[in-house]
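1. Quick one, fold the following:
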Amino acid sequence: MNKRQERKVFVSLVTKIVGSNLGLQVVKATRPEKQVLRKHTEAVYSAVKLVQEEME
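-> Sure, this is the predicted structure:
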């Protein structure tokens, strides 16, 4: 997976997590999303936190 694909998957993963935290339908993470989550755990969590703070 190259950087560009990784970035797209990262965005979709953050979107899914934020959506599920808002009580929207929970969607299972795809295999590439799980890879990105494993590789960039801290970044994903900080991005989710940031998005949620912006929405408040």
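2. tell me the secondary structure for V26?
-> Following DSSP: H, G, I helix; E, B strand; the rest coil, the label given to V26 is coil.
3. Tell me the pLDDT of it.
-> pLDDT, V26: 77.
4. That one: how many residues sit nearby?
-> 11 (other CB atoms under 10 Å). The C-beta positions use only the backbone N, C-alpha and C, and glycine is treated the same way.
5. do the same with A43
-> Neighbourhood size, A43 [other CB under 10 Å]: 13.
6. which residues touch stretch 48-56?
-> Stretch 48-56 has contacts (CB atoms under 8 Å, 6 or more residues apart in numbering) with V14, I17, V18, N21.
7. does R7 sit in a helix or strand, and which one?
-> helix 3-21 (DSSP states H and E).
8. which helices and strands sit right next to that helix?
-> Secondary-structure packing of helix 3-21 (3 or more CB pairs under 8 Å, 6 or more residues apart in numbering; DSSP states H and E): helix 31-39, helix 41-55.
9. possible to save the contacts of stretch 48-56 as CSV with pLDDT, neighbour count and distance to V48?
-> Formatted as CSV, the contacts of stretch 48-56 follow (pLDDT from 0 to 100; neighbours: other CB atoms under 10 Å; distance: CB to CB, whole Å):
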residue, pLDDT, neighbour count, distance to V48
V14, 92, 20, 6
I17, 90, 21, 5
V18, 89, 17, 6
N21, 83, 13, 8
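10. any idea which of the residues you listed is closest to K39?
-> For the contacts of stretch 48-56, the residue nearest K39 by CB to CB is V14; the value is 14.1 Å.
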